[in-house]
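Student: the following block contains a protein sequence and its predicted model.
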Amino acid sequence: MEALVIGSGIAGMACAVRLARQGIHTTLVSPAPSEHSESVMAAGGINATLQGNDDGDSVESHVLDTLKGGCFIGGEKAVKGLCEHGEEIIRYLESIGTVFSVDSENKPVRRAFGGQSHKRTYYCGSSTGKQIVSALVMEARRFEAVGMITRRLRLNFYSALIKDGVCCGALLFNDSSSRLEAFYSDFTVIATGGQNALFGKTTGSTLCDGYAAGKLFMQGAELKNLEFIQYHPTTLETPQKKMLISEAVRGEGGRLFYLENGERVYFMEEKYGEKGNLMTRDLISREIYACGKEAFLDISFLDGKTIDERLSEVRDICMKYRGIDIKKEPIPVSPSVHFFMGGLAVHLNHETNIENLFAVGECASIYHGANRLGGNSLLSAMYSGFVAGTEIAGRTSHRKYPDLTAYMEGERKNLKKSFDSKSTFPVFYIRDMLAETMKDDLGIVRDEKSLEAGLSDIGYYLSIAEKIRYDRSVPPYFNYSLKAILTIAGATVYSARERRESRGAHYRSDHTDTKEEYAYSSIVSYGNGDYTVRLDKEQIYES
Ligand SMILES: Cc1cc2nc3c(=O)[nH]c(=O)nc-3n(C[C@H](O)[C@H](O)[C@H](O)COP(=O)(O)OP(=O)(O)OC[C@H]3O[C@@H](n4cnc5c(N)ncnc54)[C@H](O)[C@@H]3O)c2cc1C
């Protein structure tokens, strides 16, 4: 039996090592090494409730906080599974070499993240993601040494090989040869992360552009909850990207304020009391947006030693990119796109609506409902990889692959034809215009008018994209990926227009109430250039 895992961040690697451990040869492909994945950026920590905690925390509280944070549209069964496996995942990570921060009695320490009733975020100094990635890379190498995992770089997902609704591998674009390679596999797992390219500058990795989910959508995969996009309230503006000022700063007591006539107004504490600075991300983002003033985050009152020990990454980012000494001065912050609750719709076993095609990590939508709690995505990246790996190992293989030569030849010809033609229209001009549209029309606050305008703009960009044959100023990937990226962008705006209520990260100024009739996930499908959205009232993805 052969498995193909596409994307080598934490979710892809967790899946690959779980498959290999169960005796299934797995090929793990990505354009860049795991050390360049978005997963390494995670600084704040990973959530779990461990036995023996003395503060009354429990799996049930973790489940409740997660469901509440997701405004009760994150699947209950899925969330239960996620939270119940927190301890097992922490123990596993320790066993492969992840070193969590401990107190003077050698007990792992926890910090508070927004929307949590207890401190349950375990961390490794300020480099949790890096530590987990390093440990998983070592584990993947161990399996590579015994021939159970093959890791290949410079390979991008191009399209899925699908026959009669069953996936049997993928076409991969090789950056080195500029050719398509066909890869047959019994099971294919997509682990390509979020959809940052839709918004241009975000806190995340530009390698995660939403292309794979967009292309699969065009090939028949359903997408879910696309309208829920998490704006992180505290990011620092730099020329290249928005640098995350981790929630850990607020977890350590950081206070948000703005200036009015030279006086500090601690707006979150004034409105929401003692826990104001730790309210959920959507709420704080909206408060900053509503105040219409520059916001600041102050942690300078904390002793320097604690800052060095627990917030060194934030300290370094502020100094390196803006020359700000957080021990002495507040940090200017603004909300920015940070996490995608929506993505490929998957069942509890992480299979999509296309048989033998799975999705894990941030590219899949299942646990976080309308809003994700900080620390829950590293947990879900690990857990989803394990769930898919275990599920696949329990299946039997079809083995006899269908003949897809004609499809593959057709795709190769299309690609070659596009290389031979020229266009004067730069691909990045359209990507930049798309980012502007998404930020303007699908921002922290949306309404029917802005969403209509967004749909119309994206329709126009798609019509131009059809005419661009090949922009020689950029690598081939950026050419062939454009249409699918625009298509998933259109589906996102369309889903947001159809949800005529406010819930979690989706806030509409023309429908400010949360409405019972919308208390379901939204599922969007594609056909002949059109989108169809339905609410998952039968909860088909909860099984
Ligand atoms: C700045 C920042 C801080 C964060 N902090 C935290 C935190 O403290 N706690 C927490 O729980 N979460 C945090 N998150 C979120 C968390 O890091 C991510 O949700 C998680 O790491 C996603 O893991 P993943 O494996 O799904 O995707 P990624 O780590 O993004 O990996 C995606 C992989 O897919 C590959 N890929 C992409 N496109 C293609 C393609 N077309 N073909 C082939 N391969 C492709 C990429 O190269 C990469 O290998 C943070 C996110 C950011 C941006």
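Tutor: Done, it's in. Residues are numbered from 1 along each chain as shown.
Student: and the nearest residue to residue 518 once chain neighbours are set aside, what is it in contact with?
Tutor: Spatial nearest neighbour of residue 518, chain neighbours left out: residue 501 (4.6 Å); criterion: C-beta to C-beta, 6 or more residues apart in numbering. Every C-beta, even on glycine, is put in place using the N, C-alpha and C of the backbone. Counting by C-beta atoms under 8 Å, 6 or more residues apart in numbering, residue 501 makes contact with 508, 511, 513-515, 517-518.
Student: let's see that with 7 Å instead.
Tutor: By C-beta atoms under 7 Å, 6 or more residues apart in numbering, the residues touching residue 501 are 508, 511, 513-515, 518.
Student: list buried members of those by neighbour count.
Tutor: When burial is judged by neighbour count using 16 or more other C-beta atoms under 10 Å, the buried members of the contacts of residue 501 are 508, 511, 518.
Student: pretty sure the second one sits against residue 498.
Tutor: No: applying C-beta atoms under 7 Å as the test, residue 511 and residue 498 come out as separate, 11.3 Å apart.
Student: all strands for the stretch 51-200 of the chain, in order.
Tutor: Read by DSSP state E, counting those that start in this stretch, the stretch 51-200 of the chain holds these strands, from start to end of the chain: 110-111, 121-122, 149-152, 155-163, 166-174, 179-184, 187-190.
Student: closest to residue 434 out of the ones you listed?
Tutor: Relative to residue 434, the nearest member of these by C-beta to C-beta is strand 155-163, separated by 19.5 Å.
Student: buried residues, the closest one. List them.
Tutor: With burial defined by 16+ other C-beta under 10 Å, the residues of strand 155-163 counted as buried are 155-162.
Student: what does it rub up against?
Tutor: Looking at what lies outside strand 155-163 - C-beta under 7 Å, 6+ apart - the contacts are 6, 29-31, 167-175, 180, 182, 184, 188, 192, 212, 215-216, 219, 354, 357, 402, 404, 411, 477.
Student: which ones, among these, also lie beside the ligand?
Tutor: Cross-checking the contacts of strand 155-163 against the ligand (C-beta under 6 Å from any ligand atom) gives 6, 30-31, 192, 212 as the overlapping residues.
Student: would you map out the domains in this structure?
Tutor: Here the chain is described, according to automatic domain parsing, as comprising the domains 233-336, 417-542.
Student: in the stretch 301-450 of the chain, what residue lies closest to the ligand?
Tutor: Among all residues of the stretch 301-450 of the chain, residue 361 sits closest to the ligand, at 2.2 Å; criterion: C-beta to the nearest ligand atom.
Student: and that residue, what is it in contact with?
Tutor: Residues touching residue 361, when contacts are defined by C-beta under 7 Å, 6+ apart, comprise 9-12, 191, 193, 381, 384-385.
Student: try 10 Å this time
Tutor: Shown here is residue 361, whose contacts under the criterion C-beta atoms under 10 Å, 6 or more residues apart in numbering are 7, 9-15, 37-39, 189-194, 208, 343, 350, 377-378, 380-385, 388.
Student: got any ranges where the protein has weak pLDDT?
Tutor: When residues are selected by pLDDT under 70, those of the chain lie in 398, 420-424, 469.
Student: scan it for its longest helix.
Tutor: Residue-count comparison of every helix in the chain, with assignments taken from DSSP state H, identifies helix 476-498 as the longest.
Student: the next helix or strand after it to helix 476-498, inter-axis angle?
Tutor: Note on helix 476-498: by DSSP states H and E, the next helix or strand toward the C-terminus is strand 522-527. Computed by axes from the mean of the first three to the mean of the last three C-alpha atoms, to 10 degrees, the angle separating strand 522-527 from helix 476-498 equals 130 degrees.
Student: now do the buried residues in strand 522-527.
Tutor: Applying a neighbour-count criterion of 16+ other C-beta under 10 Å, one finds 522-526 buried in strand 522-527.
Student: list just the nearest of these to the ligand.
Tutor: Taking C-beta to the nearest ligand atom as the measure, residue 526 is the one of the buried residues of strand 522-527 closest to the ligand, at 18.0 Å.
Student: returning to that earlier point: who touches both of residue 511 and residue 498?
Tutor: Shared contacts of residue 511 and residue 498, defined by C-beta under 10 Å, 6+ apart, are found at residue 518.
Student: could you tell me which of the contacts of residue 361 belong to helices?
Tutor: Within these, membership in helices is found for 10-15, 377-378, 380-385, 388, as judged by DSSP H.
Student: mind giving me the ChimeraX select for those, buried ones only?
Tutor: In ChimeraX, a selection of the buried entries from the ones in helices among the contacts of residue 361 looks like this (16+ other C-beta under 10 Å):
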select :10,11,12,13,14,15,377,378,380,381,382,383,384,385,388
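Student: which parts of the stretch 101-250 of the chain are helices?
Tutor: Counting by DSSP state H, counting those that start in this stretch, the stretch 101-250 of the chain has helices at residues 128-145, 211-218, 247-251.
Student: could I get these as a markdown table with distance to residue 428 and mean neighbour count?
Tutor: As requested, those are exported to a markdown table (distance: least, C-beta to C-beta, whole Å; neighbours: other C-beta atoms under 10 Å):
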| stretch | distance to residue 428 | mean neighbour count |
| --- | --- | --- |
| helix 128-145 | 28 | 20 |
| helix 211-218 | 15 | 26 |
| helix 247-251 | 32 | 26 |
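Student: redo those helices as CSV? Include distance to residue 338.
Tutor: Shown next, in CSV, are the helices of the stretch 101-250 of the chain (distance: least, C-beta to C-beta, whole Å):
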stretch, distance to residue 338
helix 128-145, 14
helix 211-218, 17
helix 247-251, 10
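Student: out of those, flag the one nearest residue 112.
Tutor: With C-beta to C-beta as the criterion, residue 112 lies closest to helix 247-251 of these, at 4.6 Å.
Student: so after the closest one, what's the next helix or strand?
Tutor: Heading C-terminal from helix 247-251, the first helix or strand you meet, by DSSP H and E, is strand 255-260.
Student: neighbouring contacts of whatever helix or strand comes next after that following strand?
Tutor: From strand 255-260 onward toward the C-terminus, using DSSP H and E, the following helix or strand is strand 263-265. The list of residues contacting strand 263-265 from outside it, by C-beta under 10 Å, 6+ apart, reads 255-259, 291, 293, 295-296, 298, 330.
Student: buried ones in strand 263-265?
Tutor: The neighbour-count check on strand 263-265 (16+ other C-beta under 10 Å) flags residue 265 as buried.
Student: so what strands line up beside that strand?
Tutor: If you go by DSSP bridges, strand 263-265 pairs up with strand 255-260 (antiparallel).
Student: please tell me how far the partner strand is from the chain's geometric centre.
Tutor: Between the mean C-alpha location of strand 255-260 and the chain-wide mean there is a distance of 30 Å, by C-alpha atoms, centre = their mean, to the nearest Å.
Student: just the buried residues of that strand, please?
Tutor: Of the residues in strand 255-260, those buried by neighbour count under the rule 16+ other C-beta under 10 Å are 255-258.
Student: what helix or strand is residue 313 located in?
Tutor: The secondary structure element spanning residue 313 is helix 312-322 (assigned by DSSP H and E).
Student: touching that helix from outside, list them.
Tutor: With C-beta under 10 Å, 6+ apart as the test, helix 312-322 has contacts from 41, 43-44, 125-128, 130, 234, 236-241, 243-246, 248-249, 252, 254, 297, 299, 304, 307-308, 311, 324-327, 329, 331-332.
Student: restricting to C-alpha, output stretch 29-44 in CSV.
Tutor: What follows is stretch 29-44, C-alpha atoms only, in CSV (Å, rounded to 0.1, in the frame of the first residue of the first chain):
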residue,chain,number,x,y,z
VAL,A,29,6.3,16.1,-0.8
SER,A,30,6.5,19.9,-0.6
PRO,A,31,8.0,22.8,-2.5
ALA,A,32,10.3,23.7,0.5
PRO,A,33,11.7,21.9,3.6
SER,A,34,9.5,21.5,6.7
GLU,A,35,11.7,24.1,8.4
HIS,A,36,10.2,26.7,6.0
SER,A,37,6.6,25.7,6.7
GLU,A,38,4.2,28.0,8.5
SER,A,39,4.3,25.6,11.5
VAL,A,40,7.7,26.9,12.6
MET,A,41,6.2,30.4,13.1
ALA,A,42,3.9,29.2,15.9
ALA,A,43,5.4,30.7,19.0
GLY,A,44,2.6,30.8,21.6
